[in-house]
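Asks: below are the sequence and a predicted model; questions follow.
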Amino acid sequence: EKHRDAETWGIHLLDLAEQGLKPDHIIADAGKGLRAGQALAWPGVPCFGDVFHALSDFRKLSTFLDNRAYGAIKALESVEKQMIRAKKHSQGNKLSKKLGNAKENEENYINLAQDVSALFDWLRSDILSLAGRDPATRRELFDFVVEELRKLEPLCAYRIGPVRRSLENQRDDLLGFVTVLDDKLKEISRQFDIALHPVRAVCELQGMDEGSQIRWEHEARVREQLKGQFYNVEQAVIQAMNETPRASSMIENLNGRLRNYFFLRRTLGSHYLDLLRFFLNHRIFMRSERVERTGKSPAELLTGQKHSHWLELLGFTLFRRQTA
């Protein structure tokens, strides 16, 4: 579409609604047009934040500050070499202030890069991961990360500020999946007639390093609480986690694949998109991480029915080699 405003999004989403799409919730980035259009088409349906984009922006900030720190280290090394040469000519005092500033600059950027990197790791591994604490604790930890970024913001406001504000404005949306997952964990506790605490503990267990002593100690305590139900509870928790999406990664993957074809619009025009859609819907997956998808097309997976080769569906005769 030429425009991606609320009205354009709303029209397309209403078309999907007429075809029977009734989502329990939606995952989207912070795009205002999409979110406004979704609110028009499906009022009352929650729209959770896309973890992928939030972490991507934070990662870029961390990488930028890492590079600045490496640059400061190299700058200090350069001044130190200059100082060595100057001292040979008894002129070291001319570079004393420059050397002091370089050392201070290096220390500041290294500390800033390390602090932001630690905050990013906490957000990614402890707060926005599937394996984690209960919703209230995650909100508290999320607020802590935002507040620490606010404290660091004066040191690099033009890069830290946008990330901090984005996280602050999206907190409840980004943590929307946590409530969905916690509801599933509550259902598991009712299903097995056990307390909720050990079920949550099993969920936290999935995020721990299998080779660490801490994990084995944690697992031993949970096994003691669950007795002979540990394996069945763990399988139910893993299934609940697998069925709780946090990001639009599938759509990002699809967009990445489609971009390889979009350059054709410049020469063929937009009408070829219908043919492209048909081709992608009926092209066979030659390989897949999921065995059940190999040798099938998206159309076959969605409908459960086989179809002819996509060229034959278009009316062409498919060449087949004659066998003796």
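Replies: Looks like it came in fine. Residues are numbered from 1 along each chain as shown.
Asks: what about the helices in the stretch 51-200 of the chain?
Replies: 51-88, 96-122, 135-152, 157-174, 176-191, 196-205 (DSSP state H, counting those that start in this stretch).
Asks: can you state the direction angle for the second one and helix 51-88?
Replies: Spelled out, it's helix 96-122. Here helix 96-122 runs at 160 degrees with respect to helix 51-88, directions being taken by axes from the mean of the first three to the mean of the last three C-alpha atoms, to 10 degrees.
Asks: pLDDT weak spots in the protein?
Replies: Scanning the chain for pLDDT under 70 picks out 324.
Asks: so what touches stretch 155-170?
Replies: The contact list for stretch 155-170 (C-beta atoms under 8 Å, 6 or more residues apart in numbering) reads 30, 49, 54, 57-58, 61, 64-65, 68, 108, 112, 116, 123, 142, 145-146, 149-150, 152-153, 174. C-betas here are computed from N, CA, C, even on glycine.
Asks: over to stretch 270-282?
Replies: Against stretch 270-282 from outside (C-beta under 8 Å, 6+ apart): 258, 261, 264-265, 297-299, 307, 310, 313-314.
Asks: emit the PyMOL select command for whichever of the contacts of stretch 155-170 are buried.
Replies: For the buried members of the contacts of stretch 155-170, the matching PyMOL selection, counting by 16 or more other C-beta atoms under 10 Å, is:
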select buried, resi 30+49+54+58+61+65+68+112+116+123+142+145+146+149+152+153+174
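Asks: quick one, which of the contacts of stretch 270-282 are buried?
Replies: Buried among the contacts of stretch 270-282 (16+ other C-beta under 10 Å): 297, 299, 310.
Asks: export those to CSV and tack on distance to S249 and secondary structure?
Replies: Output for the buried ones among the contacts of stretch 270-282, formatted as CSV (distance: C-beta to C-beta, whole Å; DSSP: H, G, I helix; E, B strand; the rest coil):
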residue, distance to S249, secondary structure
S297, 21, coil
A299, 22, helix
W310, 26, helix
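Asks: could I get those residues as JSON lines with distance to S78?
Replies: Putting those into JSON lines (distance: C-beta to C-beta, whole Å) gives the following:
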{"residue": "S297", "distance to S78": "59"}
{"residue": "A299", "distance to S78": "61"}
{"residue": "W310", "distance to S78": "60"}
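Asks: contacts only, for the closest residue to L141 other than its chain neighbours.
Replies: Distance criterion C-beta to C-beta, 6 or more residues apart in numbering; nearest residue to L141, sequence neighbours excluded, is I127 at 5.0 Å. Contact analysis of I127 by C-beta under 8 Å, 6+ apart lists 138, 141-142, 145, 175.
Asks: what's the farthest-apart pair in the residues you listed?
Replies: Of all pairs drawn from the contacts of I127, the widest gap by C-beta to C-beta lies between V145 and L175 and measures 11.9 Å.
Asks: ok, and the closest non-adjacent residue to the residue sitting nearest the centre point of the chain?
Replies: The residue lying closest to the centre of the chain (C-alpha atoms, centre = their mean) is F52, at 2.1 Å. By the measure of C-beta to C-beta, 6+ apart, the closest residue to F52 outside its immediate chain neighbours is A247, 3.8 Å from it.
Asks: what of V146?
Replies: In this structure, V146 finds its nearest non-sequential neighbour in E168, 5.0 Å apart by C-beta to C-beta, 6+ apart.
Asks: separation between the residue nearest to F52 and D172?
Replies: 16 Å (C-beta to C-beta, to the nearest Å).
Asks: settle it for me: which of the two has more neighbours?
Replies: Legend: neighbour count by other C-beta atoms under 10 Å for A247 and D172, higher for A247 (21 against 13).
Asks: the more buried one: which element?
Replies: Under DSSP states H and E, no helix or strand contains A247.
Asks: does it really touch D50, like I thought?
Replies: Yes. Counting by C-beta atoms under 8 Å, D50 is a contact partner of A247 at 5.2 Å.
Asks: need the overlap of contacts for these two.
Replies: Common neighbours of A247 and D50 (C-beta under 8 Å, 6+ apart) are I27.
Asks: most packed of the helices of the stretch 51-200 of the chain?
Replies: Of all the helices of the stretch 51-200 of the chain, helix 196-205 has the most neighbours on average by mean count of other C-beta atoms under 10 Å, namely a mean of 20.
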